[in-house]
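>>> predicted structure and sequence below. I'll ask about it afterward.
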Amino acid sequence: NTIDRFSSQILYAVTGIVLANVLSKSDFGLVGVILIFQAFGILFVDSGFGAALLQKKAPSERDYSTVFWFNLAVSIVIYIILYLCAPLIARLFHNDLRLIPLCRVMFISFILNGLGIVQTNRLMKEMNVKQIAIANLLGLILSGASGIYLALTGAGAWALVWQTIVLAACKTIWLWITGGWRPRPVFSLHSLKSIYRVGLGVFFSSFLNTVFLHIYSFVIGFISLVSLGIYTQADKWSKMGSASLSQIVTATFVPLLARFQDDAVLFKEMMLKVARFTGFITLPFMCALTAMAAPLFHVLFGTKWDEAIPLFQILMMRGVLIVYISLCTNYLLSLGYAKSLVMIETVKDSTIVIAILLTMPLKSVEALVWGQFAASCITYAYILWRVRRATGCTMRSLSTALWKYLPALLPALAAMLLATLLDLPAIIIITIQGTVGLGIYTAILHLSHDPLLKEALRHIASRFHR
């Protein structure tokens, strides 16, 4: 899983950099529109039954075959519906007729993905993730190569469409070759009913999450497709950092904290230690990327995506809050406060809607993104209050732990921002920023005898001495 995650991120980044340099902002905007409908289509194809199969203790062959035929049937129906709705989608977004053929080809991926859902779930159920990782890597390599080739030959938005099709096809074909399973010609309503409740719960939760993940793309698409293209680039690159950190936090700290759920004093102590460690890792990483945004974009893309730089910086600052919200959610999850998570999701979604309603009249993408940031601030404050009620830990002590390293970071960030004023090549500015920023930050922590820094240095030193 670790190899799969990191190698996928690297391949995704390399392909993304090349395509961002070759394709136009309008190309990314066109595909950004399609991706909104793509996300919902994939959601309906699976309908939560894939997750329900994973949850079921011992799924039978009849269960697997039933879900396979259900997914395939739904994927075909969804494709036909969206195929017929392609002109309506084009009419919604500035009557851009280029969307019609692009939609009709890209939505074929629904059927290709539908053919691979059960294959993937069977392998996950057996904890045989090797073939899933190989399928992902093979798909990313071949789809990336095809996307880059088509982009270089002037295919425009079609490069992104065929990249999606090749990725879905390669993953599904590999899983069918290596998975060792074939569906039987059976369909059982009883099997569907046995996993209906879990599947329905997963579906509605995923549906709500998908709505609010793509609502900004939908709104910005109405402003202009070029603006949507700029936003998708800023959003994509900002999420690579925050999403990875959130995944690490979730995978690491939930099982750790769950061990201490019966000891309130020890749980609170461990909770604050985890908060300090998360701040120690998150703040320097996310804030450094925010300060280095301009030269970093210039090295990767030249000046083509300069309009995305301020959006990227706002989204990176928001990313810090997203990681902290994820961490606080894990505190509640470790204690079994599932109902609190529903309330948090409600507050988060409500604040996003209010932020959109307040900023949409300005018809500015930057204003909309600042609205996202403000909504995350409110959610962050609310979840701190929820954690205080659940653990007895004060909001002040938890915030102090999360933001402990900000004072040491501010002088380093100031020096990094001053370096952007130098009239030097972007790569040299990045080198100066990294060296000076890291030097100032670690020096301040060293002079203050920070225990986490000492522990980290000891850990690194022990690795080298092995």
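Done, it's in.

>>> the helix or strand Ala151 falls within - contacts with which helices or strands?
Using DSSP states H and E, Ala151 sits within helix 130-152. Judged by 3 or more C-beta pairs under 8 Å, 6 or more residues apart in numbering; DSSP states H and E, helix 130-152 is in contact with helix 2-22, helix 117-125, helix 157-178. Where C-beta positions appear, they are placed from N, C-alpha and C, glycine not excepted.

>>> Leu315 is nearest to which of those helices?
Nearest of the helices and strands packed on helix 130-152 to Leu315, taken as C-beta to C-beta: helix 2-22 at 15.6 Å.

>>> just to revisit the earlier point, so which of the helices and strands packed on helix 130-152 gets nearest Gln372?
Of all the helices and strands packed on helix 130-152, helix 2-22 sits nearest to Gln372, with 21.3 Å by C-beta to C-beta.

>>> and for Asp63, the neighbour number?
Using other C-beta atoms under 10 Å, Asp63 has 22 neighbouring residues.

>>> please renumber so the chain begins at 32
All right, first residue 32 from here; so that's Asp94.

>>> gap between it and Val149?
Distance of Asp94 to Val149, given as C-beta to C-beta, to the nearest Å: 9 Å.

>>> re earlier: would you convert the helices and strands packed on helix 161-183 into a markdown table that also reports distance to Ser174 and mean pLDDT?
As requested, the helices and strands packed on helix 161-183 are arranged in a markdown table below (distance: least, C-beta to C-beta, whole Å; pLDDT from 0 to 100):
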| stretch | distance to Ser174 | mean pLDDT |
| --- | --- | --- |
| helix 33-53 | 8 | 79 |
| helix 148-156 | 17 | 75 |
| helix 188-209 | 4 | 91 |
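
>>> next up, the contacts around His125.
With contacts defined as C-beta atoms under 8 Å, 6 or more residues apart in numbering, His125 is in contact with 255-256.

>>> how about a cut-off of 7 Å?
Leu256 (C-beta atoms under 7 Å, 6 or more residues apart in numbering).

>>> need the next SSE after the helix or strand of the chain with the lowest mean pLDDT, C-terminal direction.
Sorting the helices and strands of the chain by mean pLDDT, DSSP states H and E puts helix 80-86 at the bottom, at a mean of 56. Next along the chain after helix 80-86, taking DSSP H and E as the criterion, comes helix 92-123.

>>> for that next one, packing partners?
The criterion is 3 or more C-beta pairs under 7 Å, 6 or more residues apart in numbering; DSSP states H and E, and the helices and strands that helix 92-123 contacts are helix 56-77, helix 80-86, helix 130-137, helix 140-145, helix 148-156, helix 220-225.

>>> quick check: angle from it to helix 148-156?
Computed by axes from the mean of the first three to the mean of the last three C-alpha atoms, to 10 degrees, the angle separating helix 92-123 from helix 148-156 equals 130 degrees.

>>> related to what we said a few turns ago, dump the helices and strands packed on helix 161-183 to JSON lines, plus mean neighbour count and distance to Ile353.
Shown next, in JSON lines, are the helices and strands packed on helix 161-183 (neighbours: other C-beta atoms under 10 Å; distance: least, C-beta to C-beta, whole Å):
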{"stretch": "helix 33-53", "mean neighbour count": "15", "distance to Ile353": "17"}
{"stretch": "helix 148-156", "mean neighbour count": "21", "distance to Ile353": "26"}
{"stretch": "helix 188-209", "mean neighbour count": "21", "distance to Ile353": "26"}
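
>>> now these in CSV, with distance to Leu399?
Conversion of these to CSV gives the following (distance: least, C-beta to C-beta, whole Å):
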stretch, distance to Leu399
helix 33-53, 21
helix 148-156, 34
helix 188-209, 23
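
>>> do you know which of those helices lies nearest Cys116?
Comparison of those against Cys116 by C-beta to C-beta identifies helix 188-209 as nearest, at 16.9 Å.

>>> output that closest one as CSV, restricted to C-alpha atoms.
Extracted in CSV, the C-alpha atoms of helix 188-209 (Å, rounded to 0.1, in the frame of the first residue of the first chain):
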residue,chain,number,x,y,z
ALA,A,188,-8.5,18.2,-24.1
TRP,A,189,-8.8,14.8,-25.8
ALA,A,190,-5.4,14.0,-24.2
LEU,A,191,-7.0,14.2,-20.7
VAL,A,192,-10.1,12.2,-21.9
TRP,A,193,-8.1,9.3,-23.4
GLN,A,194,-5.8,9.4,-20.4
THR,A,195,-8.8,8.6,-18.2
ILE,A,196,-10.0,5.9,-20.6
VAL,A,197,-6.6,4.2,-20.8
LEU,A,198,-6.2,4.3,-17.0
ALA,A,199,-9.6,2.6,-16.4
ALA,A,200,-9.0,0.0,-19.1
CYS,A,201,-5.5,-1.0,-18.0
LYS,A,202,-6.5,-1.4,-14.4
THR,A,203,-9.6,-3.5,-15.2
ILE,A,204,-7.8,-5.7,-17.7
TRP,A,205,-4.9,-6.4,-15.3
LEU,A,206,-7.3,-7.3,-12.5
TRP,A,207,-9.3,-9.6,-14.8
ILE,A,208,-6.0,-11.3,-15.9
THR,A,209,-4.5,-11.8,-12.4
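
>>> other SSEs contacting that helix?
With contacts defined as 3+ C-beta pairs under 7 Å, 6+ apart, the packing partners of helix 188-209 are helix 56-77, helix 130-137, helix 140-145, helix 148-156, helix 161-183.

>>> can you give me how far it is from the chain middle?
20 Å (C-alpha atoms, centre = their mean, to the nearest Å).

>>> could you do stretch 399-419 as well?
That offset, for stretch 399-419, works out to 18 Å (C-alpha atoms, centre = their mean).

>>> rewinding a little: need the least confident one among the helices and strands packed on helix 188-209, by mean pLDDT.
Lowest mean pLDDT within those: helix 148-156, at a mean of 75.

>>> and it, C-alpha only, in CSV?
Taking Å, rounded to 0.1, in the frame of the first residue of the first chain, the C-alpha atoms of helix 148-156 are listed here in CSV:
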residue,chain,number,x,y,z
ILE,A,148,-15.1,-3.0,-8.8
VAL,A,149,-15.8,-6.6,-7.6
GLN,A,150,-12.4,-7.8,-8.8
THR,A,151,-10.7,-5.1,-6.7
ASN,A,152,-12.9,-5.8,-3.6
ARG,A,153,-12.2,-9.5,-3.8
LEU,A,154,-8.4,-8.9,-3.7
MET,A,155,-8.8,-6.4,-0.9
LYS,A,156,-10.9,-8.9,1.1
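
>>> coming back round to it: and the angle from the helix holding Ala182 to helix 56-77?
Relative orientation of helix 161-183 versus helix 56-77 (the same axes, to 10 degrees): 150 degrees.
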